[in-house]
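> Below: sequence and its predicted model.
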Amino acid sequence: MRNETAVQEFVLEGFPAVQHLGNVLFLVHLLAYLASVTGNMLIITVTWADHRLQTPMYILLSSFSFCECCFITTVIPQLLSIFLLGQQTIPFTACLTQAFSFLFLGSTIFFLMAVMSLDRYLAICKPLHYPTIMNPRVCFLLICFCYILSFIFITGLILKVSQLSFCGSNVISHFFCDLGCLLHLSCSATMSVEMYFFFVALFVIILSLIITVIAYSNIAVTVVRLPLAKERQKAFSTCSSHLIVLSLMYGSCVFIYVKPKKTNRLDSNREASLVNTVVTPLLFFFVIYTLRNKQVHQALRDALARVKLQK
């Protein structure tokens with residue numbers, strides 16, 4: 001039994017070193033957030049409005065866009081509030097809900113990226129069998145499997161965290177309810193939860209990474225064997241953007257989650273999380289996919305033309 005008062009709410013510290021630039025940072029991150037959400041919604045709308053884009057590649061991309069849009073929405077509005085108001089309190093239940101949403105959607109994104117890598121492998125290495133293997137039904141089942149697997153792992157993790165006691169400091173050294181920070185504040189024995197958290201993060205990241213590495217290793221071998229330079233360039237262009245974003249995502253997440261507790265630096269985690277929640281989504285859709293994909297450009301032009309005709 002403890003005499004301390006149980007924590008009912010937490011205070012998100014944010015970035016105190018640059019809090020004097022709150023208004024400027026609020027505007028920058030607001031624009032980045034709106035741009036990311038707009039890019040996600042644009043790809044989802046165009047994919048389902050244009051029958052030419054209703055292929056496995058774009059179905060997976062639109063599913064990824066939806067998940068990414070939800071993922072950044074669980075975190076960025078909270079960050080904007082911190083920049084604007086200085087400090088932001090969040091109730092205990094809301095904090096756990098945010099932690100669940102962040103981890104659930106984040107792990108789903110990793111699984112979807114692995115499925116997208118598998119899709120590219122089948123399209124480039126098995127082009128004759130691709131239409132029969134990767135059909136819309138299989139696409140839908142793979143997407144559901146990604147969500148279900150993530151839900152099972154993260155629900156078990158959050159249930160374990162909800163049973164911990166919080167009776168000391170309530171200041172979270174982060175800009176959202178990061179699970180690592182919550183475990184640091186708990187006055188219960190957290191070793192079993194930390195080990196479970198570590199192995200869940202390791203499983204999600206390593207499993208998706210293994211699938212991606214195997215897929216792209218086979219893609220690289222196939223591309224090198226293509227007889228024409230134009231064919232090699234076309235095949236590489238469909239994968240290069242995917243690889244750039246993968247390196248950012250895996251790098252930041254391995255840095256945050258897959259490391260021993262003694263090497264855990266919360267300040268560095270905040271910066272890496274900022275890259276994962278602000279920079280990567282913006283890079284993914286506006287710099288890489290939207291600006292480089294000719295099919296998306298054509299679909300957008302056709303959609304705008306139809307709107308003009310209706311007027």
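Thanks, I have the structure now.

> How is Ala6 assigned, secondary-structure-wise?
With DSSP: H, G, I helix; E, B strand; the rest coil as the basis, Ala6 sits in coil.

> meant to ask about Leu164, not that
Assignment for Leu164 (three-state DSSP): coil.

> How about Thr155: what's its closest non-neighbour residue?
Spatial nearest neighbour of Thr155, excluding adjacent residues (Cβ to Cβ, 6 or more residues apart in numbering): Phe100 at 7.4 Å. Every residue, glycine included, has its C-beta placed from N, CA and C.

> same deal with Ile90?
Phe10 (5.5 Å).

> Phi and psi next, for the one you found.
Backbone torsions for Phe10, taken as degrees, to the nearest 10, come to phi -120, psi 160.

> Show me the shaky parts of the chain.
1-5, 87, 228-242, 244-245, 248, 252-269, 284-311 (pLDDT under 70).

> any idea where the strands of it begin and end?
9-12, 88-91, 171-172 (DSSP state E).

> nearest to Met191, of those strands?
Closest to Met191 of these, according to Cβ to Cβ: strand 171-172, at 20.4 Å.

> quick one: contacts of the closest one?
Outside strand 171-172, the residues that touch it by Cβ atoms under 8 Å, 6 or more residues apart in numbering are 10-13, 95, 178, 181-182, 185.

> The residue nearest to Ile90 is in contact with Asp178, isn't it?
No - shown here, Phe10 and Asp178 do not form a contact pair, counting by Cβ atoms under 8 Å, at 10.8 Å.

> How about Val138: what's its closest non-neighbour residue?
Nearest non-adjacent residue to Val138, counting by Cβ to Cβ, 6+ apart: Pro56, 7.7 Å away.

> Phe64: how many residues sit nearby?
Residues lying near Phe64 (other Cβ atoms under 10 Å) number 24.

> likewise the one 10 residues further on?
By the measure other Cβ under 10 Å, the count of residues near Thr74 is 21.

> ditto for the one 4 residues further on
One way to gauge burial is a neighbour count; for Gln78, by other Cβ under 10 Å, it gives 19.

> same thing with Ile211?
Using other Cβ under 10 Å, Ile211 has 18 neighbouring residues.

> shouldn't it be in contact with Ser117?
Yes - if you go by Cβ under 8 Å, Ile211 and Ser117 touch, sitting 6.2 Å apart.

> Report the separation between the residue nearest to Ile90 and Ser247.
The gap separating Phe10 from Ser247 is 33 Å, by Cβ to Cβ, to the nearest Å.

> more crowded one of these two?
Phe10 (23 against 10).

> Tell me how far the more buried one lies from Gln98.
In this view, Phe10 and Gln98 are 10 Å apart by Cβ to Cβ.

> overlap in contacts of these two?
Common neighbours of Phe10 and Gln98 (criterion: Cβ under 8 Å, 6+ apart): 90, 177.

> mind listing the helices for this structure?
22-49, 56-73, 76-85, 92-125, 130-133, 136-162, 179-185, 191-224, 229-257, 266-274, 280-282, 290-292, 294-310 (DSSP state H).

> Helix 22-49 and the third one, what's the angle between them?
So the one you mean is helix 76-85. Taking axes from the mean of the first three to the mean of the last three Cα atoms, to 10 degrees, one finds that helix 76-85 is oriented at 160 degrees with respect to helix 22-49.

> Same question for helix 76-85: list its buried residues.
Under the neighbour-count criterion of 16 or more other Cβ atoms under 10 Å, helix 76-85 has 76, 78-83 buried.

> for those, which one is nearest Ser169?
Set against Ser169, the nearest of the buried residues of helix 76-85 by Cβ to Cβ is Ile82 (17.7 Å).

> Just give the number of residues close to the closest residue in space to the closest one that isn't next to it in sequence.
Computed as Cβ to Cβ, 6+ apart, the closest residue to Ile82 that is not its neighbour in sequence is Gly14, at 3.8 Å. A total of 25 residues lie near Gly14 under the criterion other Cβ under 10 Å.
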